[in-house]
Each structure stands twice: as structure tokens, then as C-alpha cells.
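> Generate a structure from the sequence data that follows.
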Amino acid sequence: QALLGFTSESRFIRHAHTHLDHLFRYLPGQSGYNRRLRAAAGLITTMIRLLAVDTSLWTDDVWVVDSTPVECGRSRDTTRRSQLAGWAEYGYCASHSRYFWGLRLHLVCTLGGLPVAFALTGAKADERQTLLGILTADPHLAADRPGQTMIADRNYYGAAFEADLAGAGLRLLRPARKGEPERPGAGLFTPLRQTIESINQTFKGQLDLERHGGHTPAGVMVRVLQRILALTTAIWHNDHTNAPVHRSLIAYDH
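Reported below is the predicted structural model:
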């Protein structure tokens, strides 16, 4: 569904009954599909990790980390009545210079775009604390990679934060903030910053992250997981078929 660009479950189910019916003994209707989709969140998360580990990119010694907005509504009535109220909140998107109401997807990826770890939080959640939470929730992620380099933007700052990362065996590279002396690796930040922006654009432009269509916490979570699984699966397949570009989705979007 995500790779084919169907942001509507009803349209996808119609497409499946017309073109994919011969592949399955049974295809549910829209309500049944939605129930199965929400119930499959844990399975999707497991599959993301299983496929990611089975790629050559998994052992990359450089990670890029960033967060990207996941808009959930625009009208004031939506912010008041939505079941997402209390989790979704107003935040600021610096790359588009605008405020939005919704969530943030926090991503830790390899330079090839493979999602290594992720979290979905409110729009105002501290990026540093979220990253530390990701590492705490999966302690083997950093423990199995001593000396791993992590590249982030200038919002990932603070002596205590960097000390926590160093204690986990991670080396942080980020641009200097105003008033700080020049930091190591400054020449790498511009091209690598474009890398993480390109990964975010893959989610938004090709996988329709901001058109997820979820209206409940469970619905939004599984639809975001859908997109992460779609990208991970494409990278896994490209890796195993020796495709020249791992993050290319061209072969799967028709």
C-alpha cells in the first residue's frame, strides 16, 4: 500500500480485489483490513528489524539522526476533538518555516538511508531526550558498536547529553552553535545534512508520510510503521540484488 502510493485504505482494498485477488485465499473489506493493520503494529516493528539486520548497511559505522514533522490536522476543531489530542501538539518546522499540529518522527539511519531506530513523539518533545530514550530502550544497539559515529544538527547539544552518548560508546559530530568554537568534522556537515534531508523527503514525497490518514494513536503509529517497513524492505531487496542505489524506490512504485 505504501509503495504504491495509496493513502486511502478503501482505494487500496479496491485495487487489491481487482489486481491482487489471485494471490490470496481471502482479502478482507476495509473495516477488516483496518483492524488487522492496527493489530499488526508489533509484527511490523519486528519485520523492520529482521530485514534491516539482514543487509550490508546494518554494520555501517556512521549514523545520521534527525526528526521530521508528521502533521495530523490543520483545523482548530480537529485539534480539540481528535483522539490524538494530548499526544499531538503544536510544533515548529524549521525547514518549512511554519507551525504544525501533530507529531515528530525521530529517525536514526545509516548513510544509505536504512532505518536503524525510530520513535514517534509529540511535536515539542526534546530531540536529545528522545534519542537517549531510543538508546535506553535498545541497549544492544550502541553496545554492539563501540566507536560508532553519530552525525546530527545543532539541536543535539549540551555537555551532559554528549557525555551520555560518550558513555554509550557513541561519538557525536554536529555543527557548532552560535558562540561555540569550530567543532571537528565541520566540512562533512553540509553534504551529510543533505543526506538526512533526502531520507526525510523519501518518506514525505514518495511514501506520503504526511498523508498517513490516521485518526487515532494506534492508527497513526501503524501507518507510520508501514512507511518505515516499505523503505526498509526496498533497501533490503536492493541490497540483495546488488542494485546501484540502495534507497531507490523506482522499481516498486508501479
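> which residues touch the closest residue to residue 20 other than its chain neighbours?
Among residues not flanking residue 20 along the chain, residue 27 sits closest, at 7.3 Å (C-beta to C-beta, 6 or more residues apart in numbering). Where you see a C-beta, it was placed from the backbone N, CA and C, and this is true even at glycine. Contacts of residue 27 were listed using C-beta atoms under 8 Å, 6 or more residues apart in numbering, and they are 13, 16-17, 20-21.
> before we move on, what about residue 155?
So residue 155 contacts 127-128 (C-beta under 8 Å, 6+ apart).
> ok, back up a step: of the contacts of residue 27 - the most surrounded one?
residue 13 (21 neighbours; other C-beta atoms under 10 Å).
> Need the phi and psi values for the residue nearest to residue 20.
phi -120, psi 130 (degrees, to the nearest 10).
> per-residue pLDDT, it?
You'll see residue 27 listed with a pLDDT of 93.
> And for residue 73?
Reading off the model, residue 73 has pLDDT 81.
> Could you verify that residue 58 is part of a helix?
Yes - counting by DSSP: H, G, I helix; E, B strand; the rest coil, residue 58 is found in a helix.
> residues in contact with the closest residue to it other than its chain neighbours?
Distances taken as C-beta to C-beta, 6+ apart place residue 52 nearest to residue 58, at 5.7 Å, with adjacent residues excluded. Shown in contact with residue 52 (C-beta under 8 Å, 6+ apart): 58, 114-116, 232, 236.
> And the furthest pair within the residues you listed?
Farthest pair in the contacts of residue 52 (C-beta to C-beta) is 116 and 236. Separation: 13.3 Å.
> Could you work out the end-to-end span of stretch 85-103 for me?
11 Å (C-alpha to C-alpha, to the nearest Å).
> roughly how far is it from the heart of the chain?
Put simply, stretch 85-103 sits 16 Å off its chain's centre (C-alpha atoms, centre = their mean, to the nearest Å).
> next one: stretch 223-235
In terms of C-alpha atoms, centre = their mean, the centre of stretch 223-235 is found 8 Å from the chain centre.
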